[in-house]
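Asks: Fold the following and give me the result.
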Amino acid sequence: MNVFVFDIETVPDVDAGRRLYDLDGLQDAEIAEIMFHKQREASGNDFLRHHLHRVVAISVVLRSADRFKLWSLGDATSPEHELIQRFFDGLDRYSPTLVSWNGSGFDLPVLHYRSLLHGIVASRYWETGADDSSFRWNNYLSRFHERHTDLMDVLSGHQPRASVSLQDMALLLGLPGKLGMHGALVWEHYLAGDVEGIRNYCETDVLNTFLVYLRFELIRGRLTEEAYQGECDRLRATLEEDGRPHVTDFLHAWADGRTS
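Replies: Residues are numbered from 1 along each chain as shown. Predicted structure coming up:
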């Protein structure tokens, strides 16, 4: 098993808003409100288009043959381009199975646009077989290949009308779901300077995603029941050793509602 589960958190790219809508002289919060207003006029909600997001956190679970690691890339002061480069450097180093929840629909397109903006080099990620024939039939970009497994896509049969949120799926499985924050509050916490809180929230999302992935591996026969329980036990032991408050909260919530 060599798995790289990831999630990103974003805020409005107010520099883009300033350029696209000629908003020089306004404060960031004012520009964001104008961006949200324009989006509501266009779509009825204030969820911005992919190219108008800026990445402020990328959190990862790495499960390899000999270890489990949970962390957020860089630190709370790391610039966006460093976070994104670190993410793609990890793919270059491990060539893992990339696992997400709605990564095809949101996270990866955002990372594509931001990579284009910053000139991020990610040769392994963009490989489709021209230089490595093994990537011809299983790469990160093809919708139906497993090198990127978007659990929301796969479990819904690639039917948008059948999709479910990570929060609902996690709660149905007895997992903690979101603790203390949700996506709509990220901009508020960012304005308050709470980047560390955003990073912690992102880490709990990747823990939920990893646990859903283990269930997925169980139902498709990649893990036996014994191996599945072993993975869960190993994760609990690792989280107990971690000791950070948000990780401990996750562990306690999992113990209260767990189905495995």
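Asks: Which stretches in this structure count as helices?
Replies: Counting by DSSP state H, the chain has helices at residues 14-20, 28-43, 80-94, 108-118, 123-126, 151-155, 166-172, 186-191, 195-219, 225-242, 245-257.
Asks: and Tyr140, how many neighbours?
Replies: Using other C-beta atoms under 10 Å, Tyr140 has 21 neighbouring residues. Where you see a C-beta, it was placed from the backbone N, CA and C, and this is true even at glycine.
Asks: Just to check, it is in contact with Glu146?
Replies: No - applying C-beta atoms under 8 Å as the test, Tyr140 and Glu146 come out as separate, 10.1 Å apart.
Asks: Helix 195-219 and the worst-scoring helix or strand of the chain on mean pLDDT, what's the angle between them?
Replies: In the chain, the helix or strand scored least confidently by mean pLDDT, DSSP states H and E is helix 245-257, which has a mean of 92. Orientation note: helix 245-257 sits at an angle of 40 degrees relative to helix 195-219 (axes from the mean of the first three to the mean of the last three C-alpha atoms, to 10 degrees).
Asks: which helices and strands sit right next to helix 245-257?
Replies: Other elements packing on helix 245-257 under the criterion 3 or more C-beta pairs under 8 Å, 6 or more residues apart in numbering; DSSP states H and E are helix 195-219, helix 225-242.
Asks: Run through who's touching that helix.
Replies: 70, 171, 174-177, 179-180, 200-201, 203-204, 207, 211, 236, 239-240, 242 (C-beta atoms under 8 Å, 6 or more residues apart in numbering).
Asks: which of the residues in it are buried?
Replies: Using 16 or more other C-beta atoms under 10 Å as the test for burial, helix 245-257 gives His246, Val247, Phe250, Leu251, Ala253, Trp254.
Asks: Report the distance from that helix to the chain centre.
Replies: Remark: helix 245-257 is offset 20 Å from the chain centroid, using C-alpha atoms, centre = their mean, to the nearest Å.
Asks: now do stretch 19-26
Replies: In terms of C-alpha atoms, centre = their mean, the centre of stretch 19-26 is found 30 Å from the chain centre.
Asks: swap in stretch 14-27?
Replies: Put simply, stretch 14-27 sits 27 Å off its chain's centre (C-alpha atoms, centre = their mean).
Asks: Pull out the buried positions in it.
Replies: Those would be Val14, Ala16, Gly17, Arg18, for stretch 14-27 by 16+ other C-beta under 10 Å.
Asks: Out of those, which is nearest to Ala184?
Replies: Ala184 has its nearest neighbour among those in Val14, at 17.3 Å by C-beta to C-beta.
Asks: that older thread, any chance of the buried residues of helix 245-257 in JSON lines with distance to Glu82 as columns?
Replies: Shown next, in JSON lines, are the buried residues of helix 245-257 (distance: C-beta to C-beta, whole Å):
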{"residue": "His246", "distance to Glu82": "23"}
{"residue": "Val247", "distance to Glu82": "24"}
{"residue": "Phe250", "distance to Glu82": "26"}
{"residue": "Leu251", "distance to Glu82": "30"}
{"residue": "Ala253", "distance to Glu82": "32"}
{"residue": "Trp254", "distance to Glu82": "32"}
